[in-house]
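> Curious how this folds, go ahead:
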Amino acid sequence: MIIPKLRAPIVLVHGLMGFNKVQVAGVTLLDYFRGIPPIITAAGNRVLIPTLSPTGGIADRAKQLKDFIVAHSPTEPVHIIAHSMGGLDARYMTSCLDMGPKVLTLTTLGTPHKGTSFADWGVERFERLLKPCLDTLGMPYQAFYDLTRPNCKAFNEKAVDVPTVRYFSVSGKHDGNILHPEWLLPFSIVARHEGDNDGIVSIASAQYGEICDVWEGDHVMLVNWFNPIHHFRGIWRDRAPQYGAILRRLHDLGY
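Prediction:
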């Protein structure tokens, strides 16, 4: 696998409940994009990874993303690869926060561009129970509302594409096997309302931009998280070659 070197920095943006990396005593135990930053940087690419509010709303996270990019790449535009809600943050930042000139391309992975019916289901059933608790803890929760289908419809009317930015996307397709109980509830809810999905986000909702690839696997497999059951079933795949293909596409387009 040959990873091409792009001229501009690459920003990797995490999704809901995400993080940059988990470290103990200076040792990295887990990257959100598991194993991906090292293979990209080994090819000579510059990789920037922000840490956004795990449960803040799109507008707040987009402002944090803007501040990060301005601080870490003040003179160069960037390529963004964003997972899940991070793709909505990047779209809002690019369209609504005057960051179009700072973004060359945006590739979203499992991003609910049209929202997800699982968020609709969760807000409807748990709002009255959880909202007071989160208020007491001072924990933001706007993200859960922002990911509903009605709110994403309103979002899409506001966050229109910037003509100078090229948009690409990846969706996931999970098989809903009973050996993956962690995905059975959200998978079944989304499948009933929206069809094939990665366990949280439907293919129809994740597809966006010029080219929309479909990767086999669940929502977190898109960021290369290891799953021993997938490995046992012989369906786990290291995503490094597919990230390499994302960069190859951008390189071939002249970036």
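> Now do the contacts for the residue lying closest to Arg233 once chain neighbours are set aside.
Computed as Cβ to Cβ, 6 or more residues apart in numbering, the closest residue to Arg233 that is not its neighbour in sequence is Leu179, at 6.8 Å. (Glycine included, C-beta is placed from N, CA and C.) Counting by Cβ atoms under 8 Å, 6 or more residues apart in numbering, Leu179 touches 229, 232-233.
> Name the nearest of the residues you listed relative to Thr55.
When those are compared for distance to Thr55 (Cβ to Cβ), Ile229 wins out at 27.4 Å.
> who touches that closest one in this structure?
Here Ile229 is in contact with 179-180 (Cβ under 8 Å, 6+ apart).
> What are the buried residues along the longest helix along the chain?
For the chain, the helix with the greatest residue count under DSSP state H is helix 117-137. Across helix 117-137, burial judged by 16 or more other Cβ atoms under 10 Å covers 117-123.
> pLDDT score for the residue nearest to Arg233?
Here the pLDDT value assigned to Leu179 is 86.
> circling back: give the other helices and strands that the longest helix of the chain contacts.
Packed against helix 117-137 by the contact rule (3 or more Cβ pairs under 8 Å, 6 or more residues apart in numbering; DSSP states H and E) you find helix 142-146, helix 149-158, helix 181-194.
> Identify the residues contacting that helix?
Counting by Cβ under 8 Å, 6+ apart, 112, 140-141, 144-145, 147-150, 186, 189-190, 192-194, 200, 202 sit against helix 117-137.
> now do 6 Å
141, 147-149, 186, 189-190, 193-194, 200 (Cβ atoms under 6 Å, 6 or more residues apart in numbering).
> out of those residues, who's nearest Leu65?
Of those, the one sitting nearest to Leu65 (Cβ to Cβ) turns out to be Leu147, at 16.7 Å.
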